[in-house]
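Visitor: Based on what follows, work out the 3D shape:
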Amino acid sequence: MRWALVRVCLAIAAMVVVAFAVPLGLVIKEMARDRAFSNAEREAAAVAPALSITTDRDQLEKVVASAGTDSGMAIHIPAGEGKAALDLGRQRAAEKDIATVRKLGRASTTEVPGGSVLLQPVALSSGEISVVEVFVPESEVSNGVGTAWAVLAGVGIALIVGSVAVADRLGVRMVQPAQRLVEGAHELGEGKLGARVPEEGPTELRLAAVAFNSMADQVVQLLANERELAADLSHRLRTPLTVLRLNAASLGDGPAAEQTRTAVAQLEREVDTIIRTAREAKPQTVAAGPGAGCDAAEVVRERMRFWSALAEDEGRKVRVAGVERPVRIPVARADLVAALDALLGNVFRHTPEGTAFAVDVHNSEDAVIMLVSDAGSGIRDPEAAMARGRGSGSDGSTGLGLDIVRRLAESTGGDVRIGSSMLGGTEVRIWIQLDGREPERKGHRGAVRRRRPGRLVSTFNRSRSLP
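Guide: All right, here's what the predicted structure looks like:
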């Protein structure tokens, strides 16, 4: 914007300078020419009285010498009354031009090599017409024109430079507040809630800065209220959790009792994490830097040990693949645990007992795919299931679990898709990008095949059916 304003002012100033300087320069040139020929006319007029009195050569030479123009003046006297024609001085004009002036009796100018000549007719005492020729060199015609043009050019350049400087200052005054407003908006969008914009510049930009700062204050206040509300609601869960923990402690020994106590302990830890996160105003999922993240294979093995016990009680067949080797992903361990538990919890909650399910992990150079599939009845409307607050439409489904999974994948540049599995039910594909690039939109399966055509294709095919 700043340079656009400077370019506009530069163009306007240049047009103004050209519009005034060019005609003025031509006028100056014409004035110099008129001055030179006016001087020539005065010189011709200086010898006119002598010609009207005498035509003697010696006397005329003295008159021309006294006028100081003997090198540039010539006198042409025609023959008459027994006298021969007299030509005094160096003739530069053509004979026909001299004859024309003598015939018409009017002064005339004509171009000659090196300049121009003024032909001035003068009447003699005998009634004949003589012609006074005054040479005007080209240097005299253009005398002072170059200097005047140089002055005009300097003034024009000074005007252009001055206008550009003024436009630059005006542009800075307008652009800098706009740039600070843009930078403040970017900082606020990146989560820097303390970003504010100085309220300066033109009136419109000052009003925009005031509105932006007010909006930022309201955002901070709304987030603070939400954090307090989340912390308060989570804190209210402590009492029923305490009752559950005491009841679980009285269940005695056994797999079911141990699973209940483990679930209650994990629920208490999650509630504590929510309270701490809300109080500290820190997002639970942060951008992972070098060395950050977790081992997805280890997390899957650990969570499947927990869910496998429950699956055994319900008579479900379980298969896990792709977790033999470490699989590093740029996701916090707690976030991956929450996402995986949300998907597996949906399997147990929305499929009948005895329904088989599988968890597969596929690793490539720049992405990791996690597949959670089951042999249930599937989801009728996958798009609605991904909508927060709607879910799959079955009882108890709100879509919050899938929303957690979606936000985890999108934090890495990946995404989540719901489709049909080879088991006959639902398959949830979590695409986790390792390098932060946008995923290929032609299908995750095809993308993985293109990158790792050997091992990944065979692993993917083996994951499509239960043993």
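Visitor: avg pLDDT for the longest helix along the chain?
Guide: Secondary structure of the chain read by DSSP state H shows that its longest helix is helix 2-53. Averaged across helix 2-53, the pLDDT comes to 77.
Visitor: So which elements touch it?
Guide: Secondary-structure packing of helix 2-53 (3 or more C-beta pairs under 8 Å, 6 or more residues apart in numbering; DSSP states H and E): helix 57-67, strand 73-77, strand 115-123, strand 129-137, helix 138-141, helix 145-189. Just so you know, the C-beta spots here come from the backbone N, C-alpha and C atoms, and that holds for glycine as well.
Visitor: one more time with 6 Å
Guide: helix 57-67, strand 115-123, strand 129-137, helix 138-141, helix 145-189 (3 or more C-beta pairs under 6 Å, 6 or more residues apart in numbering; DSSP states H and E).
Visitor: Now do the longest one: distance to the chain's middle.
Guide: Right, helix 145-189. 20 Å (C-alpha atoms, centre = their mean, to the nearest Å).
Visitor: tilt between that helix and helix 2-53?
Guide: Computed by axes from the mean of the first three to the mean of the last three C-alpha atoms, to 10 degrees, the angle separating helix 145-189 from helix 2-53 equals 170 degrees.
Visitor: Could you do the second one as well?
Guide: In this structure, strand 115-123 runs at an angle of 30 degrees to helix 2-53, with the same axes, to 10 degrees as the basis.
Visitor: Identify all contacting residues around strand 115-123.
Guide: 37, 40, 44, 48, 51, 92-93, 101, 105, 107-110, 129-138 (C-beta atoms under 6 Å, 6 or more residues apart in numbering).
Visitor: let's see it at 7 Å
Guide: 37, 40-41, 44, 48, 51-52, 92-93, 97-98, 101-102, 105-110, 129-138, 141 (C-beta atoms under 7 Å, 6 or more residues apart in numbering).
Visitor: same deal with the fourth one?
Guide: Applying C-beta under 7 Å, 6+ apart, the contact partners of helix 138-141 are 32, 33, 36, 114, 115, 116.
Visitor: Low-confidence ranges, the stretch 351-467 of the chain, go.
Guide: For the stretch 351-467 of the chain, the stretches with pLDDT under 70 are 387-400, 436-467.
Visitor: So residue 361 belongs to a strand, correct?
Guide: Yes - under DSSP: H, G, I helix; E, B strand; the rest coil, residue 361 falls within a strand.
Visitor: which residues of the stretch 101-250 of the chain score low on pLDDT?
Guide: Flagging of the stretch 101-250 of the chain using pLDDT under 70 yields the residue ranges 171-172, 230-239, 241-243, 246.
Visitor: Separate out the buried members of the contacts of helix 138-141.
Guide: For the contacts of helix 138-141, a neighbour count by 16 or more other C-beta atoms under 10 Å gives the buried set as 32, 33, 36, 115, 116.
Visitor: Tell me the one of these nearest residue 358?
Guide: Residue 358 lies nearest to residue 32 out of the buried ones among the contacts of helix 138-141, by C-beta to C-beta, at 99.6 Å.
Visitor: Touching, residue 385 and residue 416? I think so.
Guide: No - using C-beta atoms under 7 Å, residue 385 makes no contact with residue 416, being 10.3 Å away.
Visitor: Let me know the secondary structure of residue 413.
Guide: Looking at residue 413 with three-state DSSP, the answer is coil.
Visitor: Would you map the strands across the stretch 301-450 of the chain?
Guide: Assigned by DSSP state E, counting those that start in this stretch, the stretch 301-450 of the chain shows strands spanning 318-321, 328-329, 357-363, 367-374, 415-420, 426-433.
Visitor: Perfect, I'm done here.
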